[in-house]
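**Student:** fold the following, please.
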Amino acid sequence: AQLAADVAAGELGLGSDAETAAKALEARTGMQTAMFGVFDGHNGSGASEYLAQRMPGAVAMHPKFGTDLQAAMRDAADRVDNEYMDYAQDGQVYDGATGVMVTLRMPKLEPGAAGLHKAELLCANVGDSRAVLSKRGEAIELSSDHKVTREDELERIKRAGGWVTKDRLCGVIAVSRAFG
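**Tutor:** Predicted structure coming up:
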């Protein structure tokens, strides 16, 4: 959440004042938001570092952030991936990453407010990075791996002109989706 506020501060023209940016985002949505992400680099750390720096702000500054969090996360992932691909191509960088982000939002609570308040939890992943929630000691999977062994992923790969050999996408990698 702090990183999202730092990045949003820059995009809002607020310098490095993350607290001001967080308040601006809260005012825009009426919600308190926390974002958590893990980006697992493959063949280097460039893509994972790029994603960690860019994804929170891209999600937070998306026009639909306050109304359609799923669309904001999906569009931000596409945008940041395309930006990284351009950067990587120009710099002849050949790494990639898988990733998972969880965003938790709840209405802003006034001091002394009591009672239960509805929270929104959204998880998005690319590749085989996973999120699991523990509820009273029970593990609840929040994400589903994008692997070539999943029937829906295999169909998507074939429609895109790809193939799977020995449980590997185009004979190379085991995940069916990745950044970079």
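**Student:** surely residue 80 meets residue 57?
**Tutor:** No. Look at residue 80 against residue 57 with Cβ atoms under 8 Å: they stay out of range, at 9.2 Å. In short, each C-beta sits where N, CA and C put it, glycine included.
**Student:** which residue of the chain lies farthest from its centroid?
**Tutor:** residue 112 (33.0 Å; Cα atoms, centre = their mean).
**Student:** now do the SS call for that one.
**Tutor:** Judged by DSSP: H, G, I helix; E, B strand; the rest coil, the three-state class of residue 112 is coil.
**Student:** pLDDT wise, what is it at?
**Tutor:** Residue 112 is assigned 71 on the pLDDT scale.
**Student:** repeat for residue 9
**Tutor:** 49.
**Student:** so which elements touch the helix ranked longest in the chain?
**Tutor:** With secondary structure taken from DSSP state H, the chain has its longest helix at helix 69-91. The helices and strands touching helix 69-91, judged by 3 or more Cβ pairs under 8 Å, 6 or more residues apart in numbering; DSSP states H and E, are helix 46-60, strand 96-107, strand 120-126.
**Student:** which stretch among those approaches residue 70 most closely?
**Tutor:** Minimum separation from residue 70 across the helices and strands packed on helix 69-91 (Cβ to Cβ) falls at strand 120-126, 6.1 Å.
**Student:** and the closest one, what does it pack onto?
**Tutor:** The criterion is 3+ Cβ pairs under 8 Å, 6+ apart, and the helices and strands that strand 120-126 contacts are helix 69-91, strand 96-107.
**Student:** buried stuff in that strand?
**Tutor:** The neighbour-count criterion (16 or more other Cβ atoms under 10 Å) identifies 122-126 as the buried residues of strand 120-126.
**Student:** repeat for stretch 136-151
**Tutor:** The neighbour-count criterion (16+ other Cβ under 10 Å) identifies 142-143, 145-148 as the buried residues of stretch 136-151.
**Student:** which of those fall within helices?
**Tutor:** Taking DSSP H, every one of those sits outside helices.
**Student:** residues contacting the spatially most central residue of the chain?
**Tutor:** Ranked by distance to the mean C-alpha position of the chain (Cα atoms, centre = their mean), the top residue is residue 101 at 4.0 Å. Residues touching residue 101, when contacts are defined by Cβ atoms under 8 Å, 6 or more residues apart in numbering, comprise 35-37, 55, 59, 73, 123-125.
**Student:** still on that earlier bit, dump the helices and strands packed on strand 120-126 to a markdown table, plus distance to residue 131.
**Tutor:** As requested, the helices and strands packed on strand 120-126 are exported to a markdown table (distance: least, Cβ to Cβ, whole Å):
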| stretch | distance to residue 131 |
| --- | --- |
| helix 69-91 | 13 |
| strand 96-107 | 5 |
